[in-house]
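A.B. asks: give me a 3D structure for the following:
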Amino acid sequence: MLKQPELNHEKIIDGLKEHFNFAAKEVTFLPIGHDPKAAVYRVIGSRGEVLFLKMIQGSFDDTGIRIIHLLFTQGIDAVIPPIPTTGHKLAVHHEGYHWILSSFVDGRTGFESPLSGQQSIRFGQILKSIHSAGVPHDLQVQLRQEDFSGPWCEKVRELDREVYLDLPRDKVAEKLIDFWKRKREDILILVERTEELSQRLQDRDKSGFVLCHGDIHPGNVMIDGDSKLFIVDWDDPVMAPVERDLMFPGVGLGLCFKDEGREHTDLFYKGYGEVEVDPVLLAYYRNERVVADIASYGMQLMDEQGNVEDRENGLRLLMGQFEAGYEVEVAGWTYEEMDGRR
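C.D. replies: Below is the predicted model of the structure:
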């Protein structure tokens, strides 16, 4: 969320005291993140402690914070565990938001800071430890299970029909419609590829599924002042093949770390360990990922009740995926390489 919600800081301070027994003296809104329903704050306590508060509006699934808590208890210190409430819960609903409090990591994302060779190895080790984590049955059944259904394809087709309706629109929606019409062939090809690959994967054995972050792009890797890596934004963990996460490392400017070269990918796999990546799964995930983004941004941009700044940022991010070397192009050459067509 880029615009501060209408919740004064006094209420936030009172809520932190009531539910976390935390005496805050300063609350600062941070205009970061792409989720229009999530606001984040830097909170300073009376004794100088610095914490991170995430407030989510609307529906809330606690699976992600339960996974973070689980990984931390299993010794994976590259996650930032939630601070329990006074009622021993990992989150609380208050003032129309779900509040999650954790330590504040002062650092940069992987899009902003290049990884050293040792950090590339460490990133591979961290991801391997996540994929190797034991998930108890009660939590595993709460997790989303990969079904290769390409769930966003139909939504993109619905949006394709909507952009051709002759209805009055605001400027942001008009910009989306103009861009959509210019890129319509590319958009529909992405959908068709995803649907084709979805059919190919329907009979895949699911017994080897592991815990995946689900969105481990460089923006969700934080690097603090001591060069330590943290994996953040566990909004959509999933039981899936390792390719669900391995679609990200070393694929070009749109999905890689700042200044990442081929050597960084090799070092990543040195840390991760030997693995045989399935080209069909990789092609599915990279195409399905772009389709999901088109659907998500498309719905946000067509919603004229949404915050204009967030919608304009969403349009910029969507358009950027179609630039040379970025996500759409990566999805295309991954699909072509799948069967040796490239």
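
A.B. asks: so who does the residue of the chain positioned farthest from its centre touch?
C.D. replies: Centroid-distance maximum for the chain: D166 at 33.8 Å, with Cα atoms, centre = their mean. D166 is in contact with no residue at all, counting by Cβ atoms under 8 Å, 6 or more residues apart in numbering. The way it works is simple: take the backbone N, C-alpha and C, and place the C-beta from them, glycine included.

A.B. asks: distance of it from F179?
C.D. replies: Counting by Cβ to Cβ, to the nearest Å, the gap from D166 to F179 is 18 Å.

A.B. asks: returning to that earlier point: quick check: phi and psi at the residue farthest from the centre of the chain.
C.D. replies: Dihedral pair for D166: phi -90, psi 80, per degrees, to the nearest 10.

A.B. asks: gap between stretch 57-65 and the chain center?
C.D. replies: 14 Å (Cα atoms, centre = their mean, to the nearest Å).

A.B. asks: which positions within it qualify as buried?
C.D. replies: Across stretch 57-65, burial judged by 16 or more other Cβ atoms under 10 Å covers 57, 60, 63-65.

A.B. asks: among those, name the ones in helices.
C.D. replies: Using DSSP state H to define helices, the subset of the buried residues of stretch 57-65 located there is 63-65.

A.B. asks: and those as JSON lines, adding distance to L139?
C.D. replies: What follows is those, written out as JSON lines (distance: Cβ to Cβ, whole Å):
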{"residue": "T63", "distance to L139": "8"}
{"residue": "G64", "distance to L139": "11"}
{"residue": "I65", "distance to L139": "11"}
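
A.B. asks: does G45 touch A24 like I think?
C.D. replies: Yes - contact criterion Cβ atoms under 8 Å: G45 and A24 qualify, at 5.8 Å.

A.B. asks: could you report the distance from the closest residue to D62 other than its chain neighbours to S149?
C.D. replies: Leaving aside its sequence neighbours, D62 sits nearest to A91 (Cβ to Cβ, 6 or more residues apart in numbering; 5.9 Å). For A91, the distance to S149 (Cβ to Cβ) stands at 29 Å.

A.B. asks: how far is stretch 167-183 from where the chain is centred?
C.D. replies: That offset, for stretch 167-183, works out to 26 Å (Cα atoms, centre = their mean).

A.B. asks: now it: buried residues?
C.D. replies: Across stretch 167-183, burial judged by 16+ other Cβ under 10 Å covers 172-173, 175-177, 179-180, 183.

A.B. asks: going along the chain, name the strands of the stretch 51-200 of the chain.
C.D. replies: Taking DSSP state E, counting those that start in this stretch, the strands of the stretch 51-200 of the chain run over residues 92-94, 97-103, 107-109, 144-145.

A.B. asks: of these, which stretch is the most buried?
C.D. replies: Ranked by average neighbour count under the criterion mean count of other Cβ atoms under 10 Å, the strands of the stretch 51-200 of the chain are headed by strand 97-103 at a mean of 20.

A.B. asks: now that one: mean pLDDT?
C.D. replies: Here strand 97-103 scores 95 as its mean pLDDT.

A.B. asks: so who does the closest residue to M319 other than its chain neighbours touch?
C.D. replies: Spatially, and ignoring its direct neighbours in sequence, M319 is nearest to F179 (6.0 Å; Cβ to Cβ, 6+ apart). Contacts for F179 (Cβ under 8 Å, 6+ apart) come out as 315, 318-319.

A.B. asks: and the gap between F179 and L167?
C.D. replies: 17 Å.

A.B. asks: ok, now W333?
C.D. replies: Between W333 and L167 the distance, using Cβ to Cβ, works out to 37 Å.

A.B. asks: now do V135
C.D. replies: Using Cβ to Cβ, one obtains 46 Å as the distance from V135 to L167.

A.B. asks: for W234, same thing?
C.D. replies: Counting by Cβ to Cβ, the gap from W234 to L167 is 38 Å.

A.B. asks: now swap in F268 and tell me
C.D. replies: Per Cβ to Cβ, F268 is found 47 Å from L167.

A.B. asks: list the buried residues in the lengthiest helix in the chain.
C.D. replies: Secondary structure of the chain per DSSP H: the longest helix is helix 279-302. Burial within helix 279-302, assessed by neighbour count using 16+ other Cβ under 10 Å, is assigned to 281-302.

A.B. asks: just the helices in the stretch 151-300 of the chain please.
C.D. replies: Remark: helices assigned in the stretch 151-300 of the chain by DSSP state H, counting those that start in this stretch are 153-162, 171-182, 184-200, 243-246, 262-272, 279-302.

A.B. asks: which one, of these, ends up nearest to L16?
C.D. replies: For L16, the closest of the helices of the stretch 151-300 of the chain is helix 279-302, at 29.6 Å, according to Cβ to Cβ.

A.B. asks: give me the angle between that closest one and helix 171-182.
C.D. replies: Here helix 279-302 runs at an angle of 140 degrees relative to helix 171-182 (axes from the mean of the first three to the mean of the last three Cα atoms, to 10 degrees).

A.B. asks: so which elements touch helix 279-302?
C.D. replies: helix 153-162, helix 171-182, helix 184-200, helix 243-246, helix 308-320, helix 327-338 (3 or more Cβ pairs under 8 Å, 6 or more residues apart in numbering; DSSP states H and E).
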